[in-house]
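# My questions concern the predicted model and sequence given below.
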Amino acid sequence: MKKDFLYSLTCMAFITIMGGAVYEHLNVVPTWSAGPPLSLSMFQGEHGLNPELFWMLIHPINLVLLLVTLFIHWKSQRRKYILVVLLSYVAILIITAIYFVPELLSIITTEPGNIVDDQLTARAGLWEALSIIRLGVLVVLAMILLIGLARGNKQVQYI
């Protein structure tokens with residue numbers, strides 16, 4: 001029973017990532033990517049939007065929960081579901097650190113301007129398209145994690 005609760009908590013935390021990403025893609029990204037640097041004012045100034053706190057907290061929480069859940073379920077059928085999600089999630093975090101975060105910071109910290117920069121707008125469009133693909137992968141991973149929860153916690157014998 002405690003194992004099921006931990007697995008459920010892990011699923012909820014992972015799905016929270018999707019919620020944050022969906023919110024940003026529906027409400028934040030379309031605004032800042034519409035025509036930078038003119039459209040970047042939401043990030044600039046003393047009261048600019050700063051979504052970093054959410055992302056800096058949720059990712060470590062998810063990694064810890066996935067690792068603990070994997071350890072607890074190592075001898076169960078759920079292991080393969082958790083492993084697929086954990087390894088894929090780590091790959092996504094590496095890609096995010098290498099491309100998504102630096103590119104986003106490069107775009108949103110551009111000096112304010114009164115005209116739209118076509119090159120910057122194209123970069124923002126590419127970032128948005130690739131980020132939607134990343135979100136799609138996260139949705140698939142969440143489904144895999146939920147399938148593992150639905151399959152139960154049957155113990156298996158490994159040689």
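That came through, no problem. Because the structure is a prediction, the values reported are computed rather than measured. Numbering: from 1, shown residues only.

# Please name the residues that touch the residue sitting nearest the centre point of the chain.
Per Cα atoms, centre = their mean, the C-alpha nearest to the average position across the chain is that of I17, at 5.0 Å. I17 makes contact with 58-59, 62, 138, according to Cβ atoms under 8 Å, 6 or more residues apart in numbering. Backbone N, C-alpha and C define where each C-beta goes, glycine included.

# how about the helices in this protein?
Using DSSP state H, the helices found in the chain span residues 2-23, 29-32, 52-72, 79-95, 101-108, 118-151.

# same for the shortest one, what does it pack against?
Secondary-structure packing of helix 29-32 (3 or more Cβ pairs under 8 Å, 6 or more residues apart in numbering; DSSP states H and E): helix 118-151.

# pLDDT for the contacts of I17 - can I get that in CSV?
CSV is the format used below for these (pLDDT from 0 to 100):
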residue, pLDDT
I58, 97
H59, 97
N62, 98
L138, 97
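
# can you put those residues in CSV and add neighbour count?
Output for the contacts of I17, formatted as CSV (neighbours: other Cβ atoms under 10 Å):
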residue, neighbour count
I58, 16
H59, 16
N62, 19
L138, 20
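
# Roughly how far does the nearest residue to R123 once chain neighbours are set aside sit from K80?
On the basis of Cβ to Cβ, 6 or more residues apart in numbering, the spatially nearest residue to R123 that is not a chain neighbour turns out to be I107, at 6.0 Å. I107 sits 38 Å away from K80, going by Cβ to Cβ, to the nearest Å.

# who's more crowded, the two?
I107 (20 against 14; other Cβ atoms under 10 Å).

# For that one, which residues are in contact?
Taking Cβ under 8 Å, 6+ apart, one finds 32, 36, 40, 120, 123-124, 127 in contact with I107.

# what do you get for L83?
Per Cβ under 8 Å, 6+ apart, neighbours of L83: L70.

# Can you tell me how far M12 is from T69?
For M12, the distance to T69 equals 12 Å [Cβ to Cβ].

# ditto for V101
V101 is 26 Å from T69, where distance means Cβ to Cβ.
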